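*Asks:* give the three-dimensional model of this entry:
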Amino acid sequence: MDLTTTYMGMTLKNPVVASASPLSESLDNIRKMEDAGAAAVVMYSLFEEQITLESNLLDHYLSYGTESFAEALTYFPNMATYKVGPEEYLNQIRRAKAAVGIPIIGSLNGVSTGGWIRYARKIEEAGADALELNIYYIPSDVKTTSVEVEEMHLEVVRDIKASISIPVAVKLSPFFSATANMAYRLAGAGANALVLFNRFYQPDFDLEKLEVVPFLVLSNSSELRLPLRWAAILYGRVQADLAITSGVHTYEDVLKCMMAGAKVLMMASELLRNGIHRIDQILEDMTWWMEEHEYESVTQMQGSMSQKHVAEPAAFERANYMKILQSWRSDPTGQLIK
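*Replies:* Predicted coordinates:
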């Protein structure tokens with residue numbers, strides 16, 4: 001069974017990639033992920049705030065308005081408490097490249113170019129095979145327009161692409177008003193791949209301490225539907241490889257990603273919850289399914305259930321929406337039946 005795929009010009013032994021997570025902070029875990037069958041590893045993210053800690057511009061953004069709202073200070077972590085700084089991050093990439101034979105993809109998390117360009121170069125020099133840009137930005141200013149938000153993303157991609165030669169993936173938000181157009185423009189700006197989608201973690205309130213607290217919830221398979229839908233829409237319509245993340249937990253999830261048009265899928269929550277060995281189990285189950293259904297390769301199924309040949313995807317989606325609404329009926333007692 002041929003499980004090989006290509007992603008950003010790299011030939012991978014299979015489509016299962018370990019997504020950015022705390023697992024890659026350990027060199028031993030990176031080795032275990034390779035042994036379990038991971039085709040590549042995306043390193044944990046280096047945050048813009050770690051790079052530009054001493055920047056006056058960063059200080060402006062962090063402190064702006066907090067004089068009036070002291071509670072806002074609790075939104076931001078103390079950067080000095082981060083145990084892994086920029087230089088240690090680069091050293092971890094070097095060690096990972098020396099320890100394993102699979103591609104290592106660096107990850108930068110932020111919103112502006114600033115120190116990104118310098119560290120994008122350093123990540124390339126450290127030996128990373130590619131770079132993933134995790135542009136995490138919530139436009140909370142009521143005066144910020146959608147045009148400004150989109151241009152900010154495009155500027156980051158253009159600047160990074162102009163500064164390094166390794167391929168660049170953009171981890172995309174699902175909240176653009178015209179997601180397809182934004183994906184098209186990001187590809188035009190130079191993105192070699194689009195990762196669908198960035199998972200925005202929502203904070204919670206501690207009612208006793210009256211503080212904003214972080215609240216982490218690992219994904220489940222139901223979250224796959226959003227990136228699955230958009231991968232199927234974008235396949236063949238943008239000049240960039242597609243990767244799916246969020247909600248990939250089973251071999252069925254992997255197969256769905258391939259049929260939607262993804263070149264790779266990325267896993268983190270499943271590995272954190274149930275262990276790195278899950279990669280091997282998923283690949284084994286995936287191979288069994290492909291044999292049972294007479295598939296010879298992964299490339300044979302890639303994009304087979306996409307909307308590439310549908311003239312009007314919006315009309316197709318509305319028809320599907322109507323079918324879903326009509327898929328439930330009630331019995332004479334008022335109970336819903338499927």
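*Asks:* now stretch 89-97: buried residues?
*Replies:* Within stretch 89-97, the residues that count as buried by 16 or more other C-beta atoms under 10 Å are Tyr89, Leu90, Gln92, Ile93, Ala96, Lys97. C-beta: built from backbone N, CA, C; applies to glycine.
*Asks:* same list (these) but as JSON lines, adding pLDDT.
*Replies:* Below are the buried residues of stretch 89-97 laid out as JSON lines (pLDDT from 0 to 100):
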{"residue": "Tyr89", "pLDDT": "91"}
{"residue": "Leu90", "pLDDT": "93"}
{"residue": "Gln92", "pLDDT": "95"}
{"residue": "Ile93", "pLDDT": "97"}
{"residue": "Ala96", "pLDDT": "97"}
{"residue": "Lys97", "pLDDT": "97"}
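*Asks:* which among these gets closest to Ser146?
*Replies:* Nearest to Ser146 out of these is Tyr89 (C-beta to C-beta; 32.6 Å).
*Asks:* thinking the closest one is in contact with Phe47, fair?
*Replies:* No. At 9.7 Å, Tyr89 and Phe47 do not qualify as touching, with contact defined as C-beta atoms under 8 Å.
*Asks:* make JSON lines out of the buried residues of stretch 89-97 and add secondary structure.
*Replies:* What follows is these, written out as JSON lines (DSSP: H, G, I helix; E, B strand; the rest coil):
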{"residue": "Tyr89", "secondary structure": "helix"}
{"residue": "Leu90", "secondary structure": "helix"}
{"residue": "Gln92", "secondary structure": "helix"}
{"residue": "Ile93", "secondary structure": "helix"}
{"residue": "Ala96", "secondary structure": "helix"}
{"residue": "Lys97", "secondary structure": "helix"}
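*Asks:* now those as TSV including distance to Ala120?
*Replies:* Below are those laid out as TSV (distance: C-beta to C-beta, whole Å):
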residue	distance to Ala120
Tyr89	12
Leu90	11
Gln92	16
Ile93	12
Ala96	17
Lys97	16
